[in-house]
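Undergrad: 3D, please:
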Amino acid sequence: MAFIGYHASHEQFRPSELVRFVREAEQAGFAGIMSSDHLAPWSMRQGQSGAAWSWLGAAMQATALPFGIITVPSGWRYHPVIVAQAAATLAEMFPGRFPWLAVGSGEALNEHVTAGAWPPKDERNRRLLAAVEAIRALWSGQTVSESEPIRIDQARLHTLPPQAPRMIAGALSAETAGWAGRWADGLITVNQDRASLAGIIEAFRGQGGKGQLLLQLHVSLAENDETARANAFDQWRSNAITAETAENLRFPEEFDKAARNVRPEDMDRHVRISADPAEHRRWLEQYLEMGFEQIYVHNVGRNQSEFIEAYGKSVLPALSPR
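TA: All right, here's what the predicted structure looks like:
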């Protein structure tokens, strides 16, 4: 069967609400959970940002689904030793249910509080690769010491994962995907136009990238198209700015200001909007045909239970077996 997961958005909901939503998602037939990891929301209208690693333990105890998280282990908000230990602990507590850890170079929104001056992309990539190498070594039981770009002094984990999670690279562009193809165990990206997604896949595979292709799919489903569009505009228009701009903004208020000229009709470029479950099914099948092996659906509106119920009733059972 097609692997369709549910995305738990910490920016939009209290952690206690998200535990309830992942339980509902499991009952509805979603195959797994993807968690975001933010210190601040993208917009003041979203209004939340619980500690994702604390939440993971509770949510995994409350369900039987596999979980993954996308995080930034580059030594600002999280040191790679801390990420390695947290992931190893989850993998030991829930064998086989923490199969992947997605990593990215980060945004100032979440990292500036400890990073200070926000570095350019090439420096962020250098630190990310160093963090990945350190985490892999720690998971294998090695003692790790580094002087730069991230200082590590004789770190060693004493509780090791029975099976090390796969290190999945987060990439929004073909350039980043090609770079990730040289070291990652898989790739995760977000929905874009078909040509851009094809370019990302080609760049990753062209540089030797192996492993699964994962997609985070932003959708908006409601009782009618007008409401679905209004929900997307209210909650997700702060994400309708360029990635180059977004990665350097420091506060939710800055995102709201940067998105002040976004119109409801602009949201179609960033969110799949429809009240028709059959249309959602067709979108999922198109992405599966492109080669994405796991799709994590993020309903950007606040109507999570309505969305979960609709997918469980009319979308997930109707997908073609794979």
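Undergrad: Could you find the closest non-adjacent residue to Leu109?
TA: Ala40 (5.4 Å; C-beta to C-beta, 6 or more residues apart in numbering). Quick note: C-beta positions are derived from backbone N, CA and C, even for glycine.
Undergrad: which residues does that neighbour contact?
TA: Residues in contact with Ala40 (C-beta atoms under 8 Å, 6 or more residues apart in numbering) are 11, 49, 109-110, 251-252.
Undergrad: hmm, 7 Å instead?
TA: With contacts defined as C-beta atoms under 7 Å, 6 or more residues apart in numbering, the neighbours of Ala40 are 49, 109-110, 251-252.
Undergrad: Hmm, Gly178 is touching Gly209, no?
TA: No - taking C-beta atoms under 7 Å as the contact criterion, Gly178 and Gly209 are not neighbours in contact, 8.1 Å apart.
Undergrad: Please say which of those two ends up with more neighbours.
TA: Set Gly178 next to Gly209 and count neighbours by other C-beta atoms under 10 Å: Gly209 wins out with 24 against 20.
Undergrad: Now do that one against Ala228, distance only.
TA: Counting by C-beta to C-beta, to the nearest Å, the gap between Gly209 and Ala228 amounts to 34 Å.
Undergrad: Name the strands paired with the one helix or strand Leu213 maps to and say parallel or antiparallel.
TA: Using DSSP states H and E, Leu213 sits within strand 212-220. The strands that strand 212-220 pairs with in its sheet are strand 186-190 (parallel), strand 272-273 (parallel), strand 294-299 (parallel) (by DSSP bridges).
Undergrad: Quick one: list the elements packing against the helix-or-strand element of the chain with minimal mean pLDDT.
TA: One helix or strand of the chain scores below all others by mean pLDDT, DSSP states H and E: helix 243-246, with a mean of 92. Counting contacts by 3 or more C-beta pairs under 7 Å, 6 or more residues apart in numbering; DSSP states H and E, there are no secondary-structure elements packed against helix 243-246.
Undergrad: Would you mind identifying the next helix or strand past it?
TA: Next along the chain after helix 243-246, taking DSSP H and E as the criterion, comes helix 252-258.
Undergrad: Tell me who's in contact with Asn45.
TA: I think there's a mix-up here, since residue 45 is Arg and not Asn. Arg45 makes contacts with 234-235, as judged by C-beta under 7 Å, 6+ apart.
Undergrad: Secondary structure of it: a strand, I assume?
TA: No - applying DSSP: H, G, I helix; E, B strand; the rest coil, one finds Arg45 to be coil, outside a strand.
Undergrad: Quick check on it: phi, psi?
TA: Note on Arg45: backbone dihedrals following degrees, to the nearest 10 are phi -70, psi -20.
Undergrad: Next one: it relative to Asp234, how far apart?
TA: Separation of Arg45 from Asp234 (C-beta to C-beta) stands at 6 Å.
Undergrad: what does Arg136 give?
TA: When C-beta to C-beta is the yardstick, Arg136 and Asp234 sit 41 Å from each other.
Undergrad: coming back round to it: and the contacts of Ala40, which are buried?
TA: For these, a burial check counting by 16 or more other C-beta atoms under 10 Å picks out 49, 109-110, 252.
Undergrad: Which members of these are the farthest-apart pair?
TA: Greatest spacing in the buried ones among the contacts of Ala40, by C-beta to C-beta: Asn110 and Pro252 (10.9 Å).
Undergrad: since we're on Ala88, how many residues are nearby?
TA: 22.
Undergrad: quick one, what contacts it?
TA: Residues near Ala88 by C-beta under 7 Å, 6+ apart: 139, 157, 159-161.
Undergrad: export the residues you listed to TSV and tack on pLDDT and neighbour count?
TA: Conversion of the contacts of Ala88 to TSV gives the following (pLDDT from 0 to 100; neighbours: other C-beta atoms under 10 Å):
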residue	pLDDT	neighbour count
Trp139	98	21
Leu157	98	21
Thr159	98	10
Leu160	98	17
Pro161	97	20
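Undergrad: Specify the local secondary structure of Arg23.
TA: For Arg23, the reduced secondary structure class is helix; criterion used: three-state DSSP.
Undergrad: Which residue is the nearest non-sequential neighbour of Ile4?
TA: Counting by C-beta to C-beta, 6+ apart, Ile295 is the residue found nearest to Ile4 once chain neighbours are left out, at 5.4 Å.
Undergrad: need the contact list for that neighbour.
TA: 4-5, 215, 217, 284, 287.
Undergrad: Kindly recompute the last result at 6 Å.
TA: Taking C-beta atoms under 6 Å, 6 or more residues apart in numbering as the definition of contact, the neighbours of Ile295 are 4, 215, 217, 287.
Undergrad: Now do the phi/psi pair for the last one.
TA: Geometry field for Tyr287 lists phi and psi as phi -70, psi -40, criterion degrees, to the nearest 10.
Undergrad: which secondary structure elements does the helix or strand harbouring Met34 contact?
TA: Assignment of secondary structure by DSSP H and E places Met34 within strand 33-35. Contacts defined by 3 or more C-beta pairs under 6 Å, 6 or more residues apart in numbering; DSSP states H and E place strand 33-35 against strand 3-8, strand 67-71.
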